[in-house]
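Engineer: Following is a predicted model, sequence given first.
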Amino acid sequence: MDERFILKVEDLTVSFDGFKAVDHLSFYVEPNECRVIIGPNGAGKTTVLDLICGRTKATEGSVVFKGKELLAMREDQIVHAGVGRKFQTPSVYEDLTVFENLELSYPKGHGVFGALAFKRDETVRARIKEIAQTIFLDGQLDEKAAFLSHGQKQWLEIGMLLIQDPELLMLDEPVAGMSVAERKKIAELLNRIIQDRSVIVIEHDMGFVADIATRVTVLHQGKTLSEGTMDRVQNDPKVVEVYLGH
Ligand SMILES: Nc1ncnc2c1ncn2[C@@H]1O[C@H](COP(=O)(O)OP(=O)(O)OP(=O)(O)O)[C@@H](O)[C@H]1O
């Protein structure tokens, strides 16, 4: 296994009735990297995440995560392998508290009884508190999710993924509909969580991209138009022409 990359996407292609939404796309993500995918509407960004997490089946190519071919795996096996995915709309349980939402997402153990179960409860509680702190909700553990702001619900959903400790976390437009203050906190959160994992984010807000990106991949018609640091892609004439210039 090539240790330099946690994720290797090669020649990834999906064709919907002959239309290639993703067209022989290759990119490589390093450990502790925050890769941001930008590009015009319809460029194929969401489809790339759908392919990596197994929701959409690829027509061709390969997606290797920590040496394992994901394209041969089912969605649940991909989650189990350590890939977490957050969709655009938050899907927290409104009637449950922040604590209960996090508890439900804690990975299930097998065959734990008596004293062992008690020990597990303690471990789970400690982990929930730790995650709640990371997502700025340690003061709201007993609050029903229904009473959280839209931004706080998004943080909670990220927490529900983090508690499973994925080595790759994928987020689709995580700051859509958030206040400026909430955006800043998400940037802080992402910069903190890449200490232990890699993240792929789809984003339109260029100010936010600048705050979080290790590298940026610009997609256009299912292919890479440009790739590199934020500075490099921002000054790439091809990117200005098809995307940033609008
Ligand atoms: N299941 C599908 N069947 C047919 N066409 C699809 C399917 N999924 C996506 N597409 C098409 O593939 C193209 C890429 O869509 P995708 O949602 O990945 O783009 P995007 O870059 O995420 O755009 P946006 O910024 O608008 O979310 C679009 O033309 C879309 O209509």
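Structural biologist: All right, it came through fine. Just so it is clear, the model here is predicted, and its values are computed rather than measured. Numbers count the residues shown, from 1 in each chain.
Engineer: From the ligand, how far off is K66?
Structural biologist: With distances taken as C-beta to the nearest ligand atom, to the nearest Å, K66 is found 25 Å from the ligand. To be clear about C-beta, it is placed using only N, CA and C from the backbone, and glycine gets the same treatment.
Engineer: surely that residue meets G82?
Structural biologist: Yes: using C-beta atoms under 8 Å, K66 is in contact with G82, at 7.0 Å.
Engineer: Identify the contacts common to these two.
Structural biologist: E167 (C-beta atoms under 8 Å, 6 or more residues apart in numbering).
Engineer: quick check, stretch 24-35 touching the ligand?
Structural biologist: No: Stretch 24-35 does not reach the ligand (C-beta under 6 Å from any ligand atom); its nearest approach is 11.3 Å.
Engineer: Helices of the protein, start to end?
Structural biologist: Ranges of helices within the chain are 45-52, 75-81, 98-105, 114-134, 150-162, 180-193, 206-212, 230-234, 237-239, based on DSSP state H.
Engineer: Mind putting the ones you listed into CSV with distance to the ligand?
Structural biologist: What follows is these, written out as CSV (distance: least, C-beta to the nearest ligand atom, whole Å):
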stretch, distance to the ligand
helix 45-52, 3
helix 75-81, 15
helix 98-105, 26
helix 114-134, 28
helix 150-162, 17
helix 180-193, 18
helix 206-212, 14
helix 230-234, 16
helix 237-239, 15
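Engineer: any idea which of these scores lowest on pLDDT?
Structural biologist: Ranked by mean pLDDT, the helices of the chain bottom out at helix 114-134, with a mean of 83.
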